[in-house]
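Student: Using only what follows, build the 3D model:
(one chain, ligands or ions: 3)
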Amino acid sequence: MNVISQVQINDWLKEIAVVMSKDKDYLSQLDAAIGDADHGVNMDRGFQKVLGKLESFNGQDIGAIFKNTGMTLISSVGGASGPLYGKFFMQMGMALKGKMELNLEDLKEGISKGLDGVKGIGKASLGDKTMVDVWIPVVESLNESVNEQETLEIAAAKMVEAAETGLKSTINMIARKGRASYLGERSIGHQDPGATSSCSIVKVLQGIIVE
Ligand code: ADP
Ligand code: MG
Ligand code: MG
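Tutor: Ligands and ions are numbered 1, 2, ... in the order given. Prediction:
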């Protein structure tokens, strides 16, 4: 399979909602260690809202689905992660405007523009212990896969490896952005909650690609 269909994109969003609901307590516990213990609650609330609206996105192109997803997250999730994930999906939506299916290059382009949006408002760099420590390596991996003309399946497997390595790397980082940065060196030793939810989102994406 060389393309991701609009139906698969819907499945990605549906499955993210399932995983965020399942991981709600775990994500909030990670946030309890270095933040305010609400990341799981935030993600679950946001994606339940997205889930509730998915049917009304039916028949729309992938760009519009992502844009609506982003707007829904912004309006339903407070804190840092609402605007950041909201921007991620909105920018991805703008990059993929009008598309009814995605090839590997489209996927790379969408996620890359989403990451640019997150960096644009959050100003985090690699190594600041945030979600971008997952998305930067994912975009690099997808770029390489595009250059090597790999299949979507192979690219997805590599993308997940990159995400997992990025996620683990946050454990030993000092947080320099967001609430966790107030802890300074005491943030060392804890895995970043937003990087954790991002890694799950990437894994679910692989799931719908190899299905
Ligand atoms: P809040 O910190 O407002 O309670 P959440 O707990 O939902 O919001 O989300 C926290 C996550 O948001 C962090 O674990 C981190 O990954 C991400 N984050 C925080 N600030 C930034 C930023 N400036 N850039 C990128 N990601 C950030
Ligand atoms: Mg929090
Ligand atoms: Mg909060």
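Student: Report the secondary structure state of the residue in the chain positioned nearest to ligand 3.
Tutor: Nearest residue of the chain to ligand 3 (C-beta to the ion) works out as residue 79 at 3.6 Å. Any C-beta I mention is one placed from the backbone N, CA and C, and that applies to glycine too. On the three-state scheme (DSSP: H, G, I helix; E, B strand; the rest coil), residue 79 is labelled coil.
Student: Please tell me how far it sits from residue 51.
Tutor: 20 Å (C-beta to C-beta, to the nearest Å).
Student: So which residues on this structure come close to ligand 1?
Tutor: Residues of the chain lying close to ligand 1 by C-beta under 6 Å from any ligand atom are 31, 35-36, 38-39, 42, 79-81, 84, 118, 122-124, 130-132, 177-179, 192-195.
Student: in which helix or strand would I find the residue lying closest to the residue of the chain closest to ligand 3 once chain neighbours are set aside?
Tutor: Leaving aside its sequence neighbours, residue 79 sits nearest to residue 42 (C-beta to C-beta, 6 or more residues apart in numbering; 5.6 Å). Using DSSP states H and E, residue 42 sits within helix 39-57.
Student: what sits up against the helix or strand just after that helix?
Tutor: Sequence order places helix 62-76 as the next helix or strand after helix 39-57, per DSSP H and E. Identification of contacts with helix 62-76 by C-beta atoms under 8 Å, 6 or more residues apart in numbering yields 6, 9-10, 13, 45-47, 49-50, 53, 57, 60, 82-83, 85-102, 110.
Student: What helices and strands are in contact with the next helix or strand after helix 62-76?
Tutor: If you walk from helix 62-76 toward the C-terminus, the next helix or strand you reach (DSSP H and E) is helix 81-95. With contacts taken as 3 or more C-beta pairs under 8 Å, 6 or more residues apart in numbering; DSSP states H and E, helix 81-95 sits against helix 39-57, helix 62-76, helix 104-122, helix 193-210.
Student: so which of these gets nearest ligand 2?
Tutor: Across the helices and strands packed on helix 81-95, the minimum distance to ligand 2, taken as C-beta to the ion, is reached by helix 39-57, at 4.8 Å.
Student: Touching that closest one from outside, list them.
Tutor: 10, 13-14, 16-17, 20-21, 23-31, 64-65, 68-69, 72-73, 75-79, 81-82, 85, 193-194, 197.
Student: Out of those, which end up buried?
Tutor: Among the contacts of helix 39-57, those that count as buried by neighbour count (16 or more other C-beta atoms under 10 Å) are 10, 13-14, 16-17, 20, 23-24, 27-28, 30-31, 64-65, 68-69, 72-73, 76-77, 79, 81-82, 85, 193-194, 197.
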